[in-house]
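Q: Coordinates only, no sequence provided:
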């Protein structure tokens, strides 16, 4: 597929200029216009959606939020009711509020439902990092990825800044005087887990401490196995790459009569609703889920309007939320 | 300084809700309103700029672009003429075009000029990653950082995605059959250099190749010293962490009668004007400087308008530009 970058490159102008010419908006010389239009023709570039919808600037779009069957289970209960406080339902609320404010019509569909339905949409938001069918990735309309980032693909993505949040939090713990901080993480094939890993690692190294990390599968057996290796080493703090793993660790510690936070402290990542419901409530690094949805919707509207077309990743800062699994100051 | 995050946390609502209440815009319940206003009062939060300027939505702002004395030398010649095609002058053009389009008044000042001048601005853009005086960082108006990102500080920043661009380019070279790809880099204390380093490293590791890296100081002596260690190892490709280093390497290679790209290939990063002027012209990874300025200006306007206040990093994708220091396909 020809991109606006290809056109800009061939015409020897910036993508912003191509966008101005195509959308007949802002200033450019006649000479520039000719160069751009020549490149558009030569490359058979179709800025279809952008041009078509410029007339309806900021209003009246039809968009669709897509997700996998797995994520659907976090959004809709078996009784077919909307689940209010899951990670993804909060993101969805951020999208829906933005859609309402901007008078955008919004559908929510699974990948398969979308492929079967065959409705025309002006833009797509894709929720989460499950495998996305190729015929969705290849459809020629603006796409924004939420909580996902495919390295090397130049996708417009909204993610949480796990690197920064983790670095900040681990550094804070080290400044409190702790040294034996271990990291238990899921597969580093996932971008999100990898960035948290890197934030942990850099904070340790910058403080002249040796990073100690263990990969687990998100299942009880794997947690038990890894914890049996870790606990004899007497960690002061365990940092888990998400709340769901942290909560499984908490369960293990309870089953083995190990007191939290007295004997070992525990930190999660995400700030899901369960983090507040477990006992003791989990200290964690909060992802701004609502804002993530909101910003993604705005970005999609920009792209549909042909504005700021050069692709970029938006990464929202996270925040350390101290509850009862760490010892405070 | 109290942030909107602090208010949101104390009120137990999202920052978007705080923003809606403060700006008296969109939907919220009376109960929510009271909670937010109570938190605002308790924390003595002053959303001064945002509230004050909401009336002039998108128009009539006064902003200022700030830079160090070092960067000034890349913008203004000794004859006091504007330098057209430097890295930062292209960024500045992107800002200025956006400012014109949005009817924003814009000054450009060095840090010291700004501190002396004492004019009131609605927002500030800071160019580049030189040390910024604390009294600028602490002034209570929206700031957007361009080509800089202070880890752990939650600053609104626009950067280039060096990680992704480097990963993609090195992976491309490996797919062409090259294995001995070395990386010569500046200090990894700089975020930009570190991300390029990490992109290089991951691309090598994912292809089961061993990363070989050398740090240099940006001066001839250091380049000569490092190159004298590298060349006996017969690298196929040298990737430098910016064009300026790559061009110094190119000079070394010429002085030592080593043919580029026949005996060793060379890749830079940035795509500065000199990359096209050296002989042979340098293959490099292009930073979208104009777009960087443009997006930064838009982000600053959002912040001044009290929109999407939760801080985030925007990282623009880069692009491999193949010229004559690599062998093509």
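A: Thanks, I have the structure now. Predicted model only: the values in this text are computed from it and were never measured. Residues are numbered from 1 along each chain as shown, chains lettered A, B, ... in the order given.
Q: What backbone torsions are found at the closest residue to residue A:137 other than its chain neighbours?
A: Among residues not flanking residue A:137 along the chain, residue A:143 sits closest, at 7.5 Å (CB to CB, 6 or more residues apart in numbering or on different chains). All C-beta spots, glycine's among them, are computed from the backbone N, C-alpha and C. Backbone torsions of residue A:143, given as degrees, to the nearest 10, read phi -130, psi 140.
Q: quick one: contacts for residue A:143?
A: A:123-126, A:137, A:155-156 (CB atoms under 8 Å, 6 or more residues apart in numbering or on different chains).
Q: do the same with residue A:5
A: A:15, A:310, B:319 are the contacts of residue A:5 under CB under 8 Å, 6+ apart.
Q: returning to that earlier point: and the contacts of residue A:143, which are buried?
A: A:123-126, A:155-156 (16 or more other CB atoms under 10 Å in any protein chain shown).
Q: out of those residues, which touch chain B?
A: The subset of the buried ones among the contacts of residue A:143 within reach of chain B, by CB under 8 Å from any CB of the partner chain, is empty.
Q: Just name the lowest-scoring one in those residues, pLDDT-wise.
A: The lowest pLDDT within these belongs to residue A:155, which sits at 91.
Q: my guess is it contacts residue A:146, does it?
A: No. At 10.8 Å, residue A:155 and residue A:146 do not qualify as touching, with contact defined as CB atoms under 8 Å.
Q: could you flag which of the contacts of residue A:5 are buried?
A: Buried members of the contacts of residue A:5, counted by 16+ other CB under 10 Å: A:15, A:310, B:319.
Q: beta partners of the last one?
A: Think residue B:319. residue B:286 (DSSP bridges).
Q: quick one: it and residue B:286 touch, right?
A: Yes. Assessed by CB under 8 Å, residue B:319 is found in contact with residue B:286 at 4.7 Å.
Q: May I have the residues that are in contact with the residue positioned nearest the centre of chain A?
A: Nearest residue to the geometric centre of chain A (CA atoms, centre = their mean): residue A:147, 1.6 Å. When contacts are counted by CB under 8 Å, 6+ apart, residue A:147 is found next to A:91, A:127-129, A:158-160, A:192, A:292.
Q: What of residue A:97?
A: A:290, A:293-294, B:16, B:26-27.
Q: Rebuild the contacts of residue A:143 as CSV, extending it with secondary structure.
A: Shown next, in CSV, are the contacts of residue A:143 (DSSP: H, G, I helix; E, B strand; the rest coil):
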residue, secondary structure
A:123, strand
A:124, strand
A:125, strand
A:126, strand
A:137, helix
A:155, coil
A:156, coil
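Q: Could you tell me which residues of chain A lie near chain B?
A: A:5, A:9, A:14-16, A:26, A:94, A:97, A:101, A:151-152, A:154, A:161, A:163-164, A:167-168, A:171, A:198, A:288, A:290-291, A:294-295, A:298, A:308, A:310-317, A:319, A:321.
Q: Buried ones only from the residues you listed, please, as a ChimeraX command.
A: The following ChimeraX line selects those of the residues of chain A next to chain B that are buried, judged by 16+ other CB under 10 Å:
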select /A:5,9,14,15,16,94,97,151,154,161,163,164,167,168,171,198,288,290,291,294,295,298,308,310,311,312,313,314,315,316,317,319,321
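Q: nearest residue to residue A:186 other than its sequence neighbours?
A: Distance criterion CB to CB, 6+ apart; nearest residue to residue A:186, sequence neighbours excluded, is residue A:193 at 4.9 Å.
Q: and the buried ones among the contacts of residue A:143, which two are the farthest apart?
A: A:123 and A:155 (13.3 Å; CB to CB).
Q: how far out from the middle of the chain is stretch A:137-157?
A: 11 Å (CA atoms, centre = their mean, to the nearest Å).
Q: Domains in chain A, by residue range?
A: A:4-46, A:56-160+A:290-316, A:162-287 (automatic domain parsing).
Q: Turn the contacts of residue A:143 into CSV, columns for distance to residue B:264.
A: Compiled in CSV, those are given as follows (distance: CB to CB, whole Å):
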residue, distance to residue B:264
A:123, 46
A:124, 45
A:125, 45
A:126, 42
A:137, 37
A:155, 34
A:156, 37
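Q: How much space separates residue A:304 from residue A:23?
A: To residue A:23, residue A:304 is 12 Å away according to CB to CB, to the nearest Å.
Q: Which secondary structure element is home to residue A:40?
A: Here residue A:40 is covered by helix A:30-43, with elements defined by DSSP states H and E.
Q: can you pull the buried residues of that helix?
A: A:32-33, A:35-36, A:39-40.
Q: Any idea how far that helix is from the middle of the chain?
A: 36 Å.
Q: helices or strands next to it in the packing?
A: Helix A:30-43 sits against helix A:4-11, helix A:15-23, with contacts defined as 3 or more CB pairs under 8 Å, 6 or more residues apart in numbering or on different chains; DSSP states H and E.
Q: Quick check: which ranges of chain A have low pLDDT?
A: A:1, A:24-26, A:46-59, A:329 (pLDDT under 70).
Q: tell me the contacts of the residue of the stretch 1-150 of chain A found nearest chain B?
A: With CB to the nearest CB as the measure, residue A:14 is the residue of the stretch 1-150 of chain A nearest to chain B, at 4.5 Å. Residue A:14 is in contact with A:8, B:94, B:288, B:290-291, counting by CB under 8 Å, 6+ apart.
Q: Can you pick out the most distant pair from those?
A: A:8 and B:94 (13.5 Å).
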